[in-house]
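Undergrad: sequence first, predicted coordinates after that:
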Amino acid sequence: MNNDEQADVLESQKQQDDGEFLAAPEESGGSATGAAIAGIGDVVKRVGRYRWWICTLLFFASAINYVDRQVIAILKPTLTAEFGWTDIDYGWIIFAFSTAYAIGFIFAGRFMDKVGTKIGFTVAIILWSIGALMHAWAVGVGEFALPILTPIINGILSVVNAIITPLGFAPWSIVLSVSVAGFIVARFVLGLGESGNFPAAIKTTAEWFPKKERALSTGIFNAGTNVGALVTPLVVPILVAIWGWYEAFIVTGILGFFWLVFWLWLYKRPEEHKSLSKEELEYIQSDPSEPTVKLPWSRLIRYRQTWAFAIGKFMTDPIWWIYLFWVPDFLQRQHGLDLKSFGLPIAVIYIIADVGSVGGGWISSYMIKKGYTVNRSRKTAMLICALAVIPIVIASSTSSLWLSVILIGIAAAAHQGWSANLFTLTSDTFPKQAVGSVVGIGGMLGAVGGMVIAPLVGYILASTGSYVPIFIIAASAYLIALLLIHLLVPRLEQADVS
């Protein structure tokens, strides 16, 4: 990830507590506030608007990113009936995506820096679109992949069993089928490509927007994730009804290639773009130049502040992945919904979640404006969000569909508010030269948490047939994470990286 330029984005968001809150990258779905939008009209009239066309491209890339990511969750009941998958099988398929995402998160930013945003984003979206299309031919892929994947997964399980068996847990096992192996490969390619979306988008924002507009532009393109999460459960069932699940993967998979046409046509660096007015270029480059200081991960992992953020990501990012990949299955299992009927409930969940993006950031900003310390404001907002997740346990046992939907929606909204404040902790505790690297460390550990939770959920469902233990994990994760954060950084003091 482009550490210095992403640090600029996050630092500028910290400095705008009076009108904006952090637009958290990747699994946060953050938004910009109306106060930031209100003053944009005069600037557009004065200097031009081409940079907002670039922001629009980033918005649609993020939406496509989440569409391709979520299709498999919507189609899980259909694919389970088609191939006879167990919950354990599905858990390992999701594990493959999380693993690739964690690996890609380490290298994506450096790749974007080396080849440039235009080529880097092009490679990322081609790779994840190929991965999305591979789902349609997963069985054929699995015939070649099965002999390779079987010893790899058995090796992973042998390590896990060596840890959990002495603790009194039954050893885990899995027998891969051709379809499972094929979908594992497809998800891995998809995750590897999708890991480049947000590093590329944040780098593009840093190239095309002055600091005063980066929080707004980041919020706009990041809102595409919520649009993608909303559109997928509404559109995919229609595609399946008209053609079938095979074609649904193809139609959604080619969206990235359509986007790529506009990207290659419209995007160049601002100083190379002939359609950009002189006034707008000067406005984009109006920030004073600043020295660049490289801070390697090996140095940053020595600080408690780094681990406070990273542990928060490790423990709570996986909960968002539960909502994304397992809620359709929960609605089918608990309330008897099918592909034709769970589109609206899932859409409502993400609409509620979007409100949480605004609310969580607003709470801490409001408290700071009222004179409370940053430490108290951030942690109070995070505590409120952590408490708001707890009622999700009721959703796992109630017979009321809409009560479940509302409680899950509130929990998802609380996650968004939590994430907005968690990301802000990095700029509260580190100078801007270090923020991007700390975010990279935490983002990688968040993806590792997703690797852990995916097969765990599958094995819990296979053992109990109930979402109660899973929702108990979700309800407790935020409070435990907040306690650990407070123990590590009781006062949110700045780390001395000099």
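TA: Arrived safely, thanks for sending. Numbering: from 1, shown residues only.
Undergrad: please identify the buried residues of the helix or strand hosting residue 484?
TA: Counting by DSSP states H and E, the element that carries residue 484 is helix 468-488. Within helix 468-488, the residues scored as buried using 16 or more other C-beta atoms under 10 Å are 469-471, 473-475, 477-479, 481-482, 484-486, 488. (Glycine included, C-beta is placed from N, CA and C.)
Undergrad: out of those, which comes closest to residue 131?
TA: Closest approach to residue 131 among these (C-beta to C-beta): residue 470, at 26.7 Å.
Undergrad: for that closest one, give me its contacts.
TA: With contacts defined as C-beta atoms under 8 Å, 6 or more residues apart in numbering, the neighbours of residue 470 are 322, 326, 396, 457, 460, 461.
Undergrad: what distance do you get for it to residue 458?
TA: 10 Å (C-beta to C-beta, to the nearest Å).
Undergrad: can you check residue 352 too?
TA: 26 Å.
Undergrad: between those two, which has more neighbouring residues?
TA: Set residue 352 next to residue 458 and count neighbours by other C-beta atoms under 10 Å: residue 458 wins out with 24 against 20.
Undergrad: and that one, what element?
TA: helix 432-464.
Undergrad: quick one: list the elements packing against that helix.
TA: Here helix 432-464 touches helix 3-14, helix 87-115, helix 297-300, helix 304-335, helix 401-429, helix 468-488, going by 3 or more C-beta pairs under 8 Å, 6 or more residues apart in numbering; DSSP states H and E.
Undergrad: ok, so of the buried residues of helix 468-488, who is nearest residue 80?
TA: Distance to residue 80, by C-beta to C-beta, is smallest for residue 470 among the buried residues of helix 468-488, at 17.5 Å.
Undergrad: list the contacts of residue 204.
TA: Residues near residue 204 by C-beta under 8 Å, 6+ apart: 54, 58, 117, 121, 267.
Undergrad: the last one touches residue 55, doesn't it?
TA: No. The criterion here is C-beta atoms under 8 Å, and residue 267 misses it with residue 55 at 11.5 Å.
Undergrad: filter the contacts of residue 204 down to just the ones in helices.
TA: 54, 58, 117, 121 (DSSP state H).
Undergrad: quick one, what contacts the last one?
TA: Which is residue 121. Counting by C-beta under 8 Å, 6+ apart, residue 121 makes contact with 61, 112, 196, 197, 200, 201, 204, 263, 267.
Undergrad: re the thing from before, please pick the buried ones from the ones in helices among the contacts of residue 204.
TA: 54, 58, 117, 121.
Undergrad: closest to residue 339 out of the residues you listed?
TA: For these, the closest approach to residue 339 (C-beta to C-beta) belongs to residue 58, at 30.7 Å.
Undergrad: quick check, pLDDT for the closest one.
TA: Here the pLDDT value assigned to residue 58 is 91.
Undergrad: contacts only, for it.
TA: Contact partners of residue 58, counting by C-beta under 8 Å, 6+ apart, are 201, 204, 205, 217, 220, 221, 224.
Undergrad: redo those residues as a markdown table? Include distance to residue 149.
TA: Shown next, in a markdown table, are the contacts of residue 58 (distance: C-beta to C-beta, whole Å):
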| residue | distance to residue 149 |
| --- | --- |
| 201 | 32 |
| 204 | 35 |
| 205 | 38 |
| 217 | 41 |
| 220 | 40 |
| 221 | 35 |
| 224 | 33 |
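Undergrad: how about TSV for those, with secondary structure added?
TA: Below are those laid out as TSV (DSSP: H, G, I helix; E, B strand; the rest coil):
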residue	secondary structure
201	helix
204	helix
205	helix
217	helix
220	helix
221	helix
224	helix
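Undergrad: and of those, the nearest to residue 241?
TA: Looking across the contacts of residue 58 and measuring by C-beta to C-beta, the closest to residue 241 is residue 224, at 25.7 Å.
Undergrad: right, and that closest one touches residue 66 too?
TA: Yes. With contact defined as C-beta under 8 Å, residue 224 reaches residue 66; the gap is 7.3 Å.
Undergrad: got any ranges where the stretch 301-450 of the chain has weak pLDDT?
TA: For the stretch 301-450 of the chain, the stretches with pLDDT under 70 are 358, 432-433, 436.
Undergrad: how far does the helix holding residue 458 sit from the chain's center?
TA: 10 Å (C-alpha atoms, centre = their mean, to the nearest Å).
Undergrad: mind checking how far residue 472 is from residue 387?
TA: Distance of residue 472 to residue 387, computed by C-beta to C-beta: 15 Å.
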